[in-house]
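Novice: sequence below, structure please.
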Amino acid sequence: EDLSAYGEGDMISAAKPDHIYMDHMGFGMGCCCLQVTFQAVNVDEARWLYDQLTPITPILLALSAATPIFRSKLADVDSRWDIISASVDDRTAEERGLVPLKKSKWTIAKSRYDTTDCYIYPCSVAYNDIPLQYDEAIYKQLRDGDIDEPLAKHIAHMFIRDPLQVNIETIIP
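Specialist: Numbering: from 1, shown residues only. Got it, this is the predicted structure:
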């Protein structure tokens, strides 16, 4: 792709041959998709629905594929999922496992915007067959507050990552 018309040196040097250059998350979040929002009557129904949709959504993703073109170029993908996942992947080189851990606490296998890591409804825990990294302190705090194990692990797992946005007003000196 010839990017010289844009006059951006960084853009030109970052572009790879035989790739479609997409340099910000708008290329993921701004793509066509079929998106559905559910409203559950309570947290139990929400957890059940979450678990029920986990094995079905990859099939629905394939059936509703609506994004085969990016920047006027035909791509070898037909949905925006991998594009979103890559565009918001904020893991450090350490977290990706590319270099040994020094500052980071964990190696994180996937982007924050990726597939489900665990089932959260109590009767579905038997399907949790992959190791789940989670913040032990958060997990303990949740368990001490009577949050059941599957939900506590799910929430504590979210805290293995740095926050996406930090406002100066929320930082405690």
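
Novice: mind listing what the spatially most central residue of the chain touches?
Specialist: Nearest to the mean C-alpha position of the chain, by C-alpha atoms, centre = their mean, lies Tyr113 at 1.1 Å. Contact partners of Tyr113, counting by C-beta atoms under 8 Å, 6 or more residues apart in numbering, are 28, 84-85, 88-89. To be clear about C-beta, it is placed using only N, CA and C from the backbone, and glycine gets the same treatment.

Novice: kindly recompute the last result at 7 Å.
Specialist: Applying C-beta atoms under 7 Å, 6 or more residues apart in numbering, we find Tyr113 in contact with 84-85, 88.

Novice: surely it forms part of a strand?
Specialist: No: under DSSP: H, G, I helix; E, B strand; the rest coil, Tyr113 falls outside any strand and is assigned coil.

Novice: any of the contacts of Tyr113 buried? List them.
Specialist: Buried by 16 or more other C-beta atoms under 10 Å: 84-85, 88, out of the contacts of Tyr113.

Novice: quick one on the thing from earlier: of the contacts of Tyr113, which belong to helices?
Specialist: Judged by DSSP state H, the subset of these located in helices is 84-85.
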